[in-house]
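S.K.: Quick check, what structure comes out for this input:
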Amino acid sequence: MNKRIQALVEQAKKSVPHGLTPDKWIEVYNEKFAELIVEATLDQVKERAYYTGDRDWSDEVDRPWIQLEFGYGSLADAKKGIVK
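M.R.: Below is the predicted model:
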């Protein structure tokens, strides 16, 4: 397995609380792993946009909209009425 993906697997495992039923553990793990993959991809987009001088990407503006598309982040929280 790719080292970067393996690191995300381990990070997702560590983020799952103890004491969950097996089904709930898998659900929480899968959600966290998916978020980590999206974030890693967005980090790569941000880095590449910086190095290539791509002014069409704005991490502050575009990242929250991508997160919303996947159902997490500040805009998704606002949509759900969650105040942090």
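S.K.: Every contact and neighbour count from this point should use C-alpha atoms.
M.R.: Noted.
S.K.: who are the neighbours in contact with the nearest residue to Ile37 once chain neighbours are set aside?
M.R.: Nearest non-adjacent residue to Ile37, counting by C-alpha to C-alpha, 6 or more residues apart in numbering: Leu8, 7.3 Å away. Leu8 makes contact with Phe33, Leu36, Ile37 under the criterion C-alpha atoms under 8 Å, 6 or more residues apart in numbering.
S.K.: how close does the second one get to Asp54?
M.R.: It stands for Leu36. To Asp54, Leu36 is 24 Å away according to C-alpha to C-alpha, to the nearest Å.
S.K.: Comparing those two, which shows the higher neighbour count?
M.R.: Set Leu36 next to Asp54 and count neighbours by other C-alpha atoms under 10 Å: Leu36 wins out with 17 against 12.
S.K.: Just the element for the residue nearest the centre of the chain, please.
M.R.: In the chain, the C-alpha nearest the mean C-alpha coordinate belongs to Glu35, at 2.7 Å (C-alpha atoms, centre = their mean). Assigned by DSSP states H and E, Glu35 belongs to helix 22-52.
S.K.: list the helices and strands the next helix or strand after that helix packs on?
M.R.: Going down the chain from helix 22-52, the next helix or strand is helix 59-69, by DSSP H and E. Judged by 3 or more C-alpha pairs under 8 Å, 6 or more residues apart in numbering; DSSP states H and E, helix 59-69 is in contact with helix 22-52, helix 74-80.
S.K.: at 6 Å what do you get?
M.R.: Helix 59-69 sits against no helix or strand, with contacts defined as 3 or more C-alpha pairs under 6 Å, 6 or more residues apart in numbering; DSSP states H and E.
S.K.: any idea of the mean pLDDT for that helix?
M.R.: Confidence for helix 59-69, expressed as mean pLDDT, is 90.
S.K.: how far does it sit from the chain's center?
M.R.: Distance, stretch centre to chain centre, for helix 59-69: 11 Å (C-alpha atoms, centre = their mean, to the nearest Å).
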